[in-house]
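*Asks:* task: produce atomic coordinates for the following.
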Amino acid sequence: MSELAGPSEPRYVQRNQPSGVPPLALTGERTLPDVPAENYWFRRHLVVYEWIAQRVASQRVIDMACGEGYGADLLATTAASVIGVDANPETHEHARLRYRRANLSFERDLISTFTAPADAVVCLQTIEHVEDPDGVLAHFRSLVGAGGSVYISTPNLLTLAGEGAERSDNPWHVHEYRAEEFRELCARHFESVQLLGVFHARKLRAHALAIKLGWDSVHRRLGITERFYDRLTPAITSSDFALRTPDAQGLQRALDFLAVCRG
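*Replies:* Model prediction:
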């Protein structure tokens, strides 16, 4: 899927931002909306936020490591209140200026130290960046108590890295997880852990089948690679991904894992 991933050099900057909102540039550390070449990754993350938003209605939510702020804004469409937390000054300022709702606020702080009453904590595509994941999950558990929920996502090492590789080449990742290792990490802090997988659907599933049938060699031979992916990538929507609860073998093929943790 390298063609769909798009480049991550700093020259790739958000387009069409509201007046007074400074655009952010891709660095490879976080995903962004409004960058056509990044749309595959943005939609892959957005589908998880959409799934969680349906489950946090009328709750007090903290979106840890909220980045650009699009996810916190989406959660605020259903939640009673949302606080987006991020330590990066540039992304914090962007989120604060761009996303404005009466029930949405942004705080600049570390995910390991920020404290506020919460019914749910959301932390997506971040635990792989963390030096002390046990400490972070213990902190999240303390925020929601026994009756709350914590939603954690992370990429699947087996599909992110090359075959047989111990990790991907992402320099921002401290540790990348296989399914059972991720489940065990969460289970050390929560009594109930449900593990879901993110998978390709619709046109991305068709694209994956085409790759198996030799599409990579065809588009390169015809010289249409750039034109094809310049049209396909911006057309991807969150409906081209699906969250499922497969068996252990099925989880090995997931793109990302989502752990729903309680108790």
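*Asks:* name the nearest residue to residue 263, sequence neighbours excluded.
*Replies:* residue 191 (3.5 Å; Cβ to Cβ, 6 or more residues apart in numbering). C-beta here means a position set from N, CA and C on the backbone, and glycine is covered the same way.
*Asks:* isn't the one you found up against residue 262?
*Replies:* Yes. Using Cβ atoms under 8 Å as the test, residue 191 is close enough to residue 262 to be in contact (7.0 Å).
*Asks:* if you count surrounding residues, which of the two has more?
*Replies:* A count of neighbours by other Cβ atoms under 10 Å puts residue 262 above the other of residue 191 and residue 262, at 16 against 9.
*Asks:* can you list the strands that the lengthiest strand in the chain pairs with?
*Replies:* When the chain is parsed with DSSP state E, its longest strand is strand 192-200. Applying DSSP bridges to the sheet, strand 192-200 is found paired with strand 241-244 (antiparallel), strand 256-262 (antiparallel).
*Asks:* so which elements touch the helix or strand following the first one?
*Replies:* Put plainly, it is strand 241-244. Per DSSP states H and E, the first helix or strand lying C-terminal to strand 241-244 is helix 248-251. If you count contacts as 3 or more Cβ pairs under 8 Å, 6 or more residues apart in numbering; DSSP states H and E, helix 248-251 packs onto helix 179-187, strand 192-200.
*Asks:* adding distance to residue 173, mean pLDDT and mean neighbour count, write these out as TSV.
*Replies:* TSV is the format used below for the helices and strands packed on helix 248-251 (distance: least, Cβ to Cβ, whole Å; pLDDT from 0 to 100; neighbours: other Cβ atoms under 10 Å):
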stretch	distance to residue 173	mean pLDDT	mean neighbour count
helix 179-187	13	97	17
strand 192-200	17	97	19
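*Asks:* coming back round to it: can you give me how far the longest strand of the chain is from the chain middle?
*Replies:* On the basis of Cα atoms, centre = their mean, to the nearest Å, strand 192-200 is displaced by 13 Å from the centre of the chain it belongs to.
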